[in-house]
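Visitor: Next come a sequence and a model predicted from it.
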Amino acid sequence: MLLAIDTGNTNTVFSIWDGEKILCTLRTSTEHQRTADQYFVWWDTLTRHHGITPEITGVIISSTVPRVVFNLRVFSDRYFGLRPLVVGKPECLLPIGVRVDAGTQVGPDRLVNTVAGFRQYGGDLIIVDFGTATTFDVADHDGAYIGGVIAPGVNLSLEALHMAAAALPHVDISRPERVIGTNTVACMQSGVYWGYIGLIKEICARIKAEHARPMKVIGTGGLAPLFQQGEDLFDVTEDTLTMQGLLDIYNYNKEQGSI
Ligand SMILES: Nc1ncnc2c1ncn2[C@@H]1O[C@H](COP(=O)(O)OP(=O)(O)O)[C@@H](O)[C@H]1O
Ligand SMILES: CC(C)(COP(=O)(O)O)[C@@H](O)C(=O)NCCC(=O)O
Ligand SMILES: [K+]
């Protein structure tokens, strides 16, 4: 079984792959102070709760927060006796090219998404991932990652309003039916929800105009379905794209004999 770990700036997700199937997914907040032993207590409690005793034979990590990788490495080594494959490190091979400005450290999550998108849908893709930041990852005809767009995340935008303005409360995202809000919360939800719909449409249209061939748009991340409602933003939404990419990269490294 493969343990695939996707650390974003907000949440860290562990998925256990049994062949081509996800057995179980565990989620915790991302904190670089969390030790290997703390991960294990959490892991042990939840896997027992799910009634599984996973036989982990491989670990792969994608982390947008470099500092958490140390404790995840110790966790993997101490509890499974395994050296994890870390996306973005030179020893982790990728089945796609990366064509960006020299010296750019592309977020590993973006590369992982591109790998999974290319394997499932072929080239010429825009992948929109709703995380702490909202990222647009662009894959060329041959699957190479050729850049994209980074925009402030949905919850980050709502949080920024609350933090900066004394009279604005903390608000959760939702889809208001009407654009004209008749109370403060509705006004904030409208600004972020409908503003975001506009942002996604405009950025995708401009990427398509810059790209020589027709493109498919994939939406991923917890909020993708909320934005897809009643709109035609994405050709497809995928809720486990990053996890699938981690499995693909692990399998590729096995095939290449690098692990
Ligand atoms: N299904 C969902 N509904 C509402 N908020 C969500 C959902 N999934 C994630 N979020 C929120 O979106 C933000 C980004 O979370 P996440 O996608 O885990 O980011 P990251 O991958 O950057 O850690 C967080 O504030 C999280 O609470
Ligand atoms: C853009 C990101 C912050 C998104 O991270 P996330 O929202 O998943 O936590 C991350 O991919 C990152 O740190 N990227 C490095 C810069 C780049 O990708 O060009
Ligand atoms: K992410």
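Guide: Everything's here; your move. Ligands and ions are numbered 1, 2, ... in the order given.

Visitor: if I've got this straight, Ala166 is in a helix?
Guide: No. Counting by DSSP: H, G, I helix; E, B strand; the rest coil, Ala166 is not found in a helix; it is coil.

Visitor: okay, it: pLDDT?
Guide: pLDDT, Ala166: 97.

Visitor: Then Gly230?
Guide: For Gly230, the model assigns a pLDDT of 85.

Visitor: what does Ile259 give?
Guide: So Ile259 comes in at 89 (pLDDT).

Visitor: before we move on, what about Glu20?
Guide: pLDDT at Glu20 comes out at 97.

Visitor: same check, this time on Ile249
Guide: 98.

Visitor: Check Thr45 too.
Guide: Per-residue confidence (pLDDT) for Thr45: 98.

Visitor: Identify the residues contacting whatever helix or strand it lives in?
Guide: Taking DSSP states H and E as the definition, Thr45 sits inside helix 36-49. With C-beta atoms under 8 Å, 6 or more residues apart in numbering as the test, helix 36-49 has contacts from 14, 16, 24, 26, 28, 53-54, 71-72, 74-75, 78-79. C-beta coordinates here come from the backbone N, C-alpha and C atoms, glycine included.

Visitor: swap the cut-off to 10 Å and go again
Guide: 3, 5, 12, 14, 16, 23-28, 31, 34-35, 52-54, 56, 68, 70-80 (C-beta atoms under 10 Å, 6 or more residues apart in numbering).

Visitor: Quick check: buried residues in that helix?
Guide: 36, 39, 43, 46-47 (16 or more other C-beta atoms under 10 Å).

Visitor: got it, and stretch 1-20?
Guide: 2-9, 12-17.

Visitor: Likewise for stretch 246-259?
Guide: Going by 16+ other C-beta under 10 Å, stretch 246-259 has these buried residues: 246-253, 259.

Visitor: closest to ligand 3 among the residues you listed?
Guide: Leu246 (11.7 Å; C-beta to the ion).

Visitor: For Leu3, pull up the helix or strand it's in.
Guide: Leu3 belongs to strand 2-7, assigned by DSSP H and E.

Visitor: Who are the packing partners of that strand?
Guide: Under the contact criterion of 3 or more C-beta pairs under 10 Å, 6 or more residues apart in numbering; DSSP states H and E, strand 2-7 touches strand 11-18, strand 21-29, strand 58-63, helix 68-80, strand 85-86, helix 108-121, helix 241-255.

Visitor: between the longest one and strand 21-29, how many degrees?
Guide: Okay, so that is helix 241-255. Counting by axes from the mean of the first three to the mean of the last three C-alpha atoms, to 10 degrees, helix 241-255 points 120 degrees away from the direction of strand 21-29.

Visitor: and what of the first one?
Guide: Direction vectors for strand 11-18 and strand 21-29, defined by the same axes, to 10 degrees, enclose an angle of 160 degrees.
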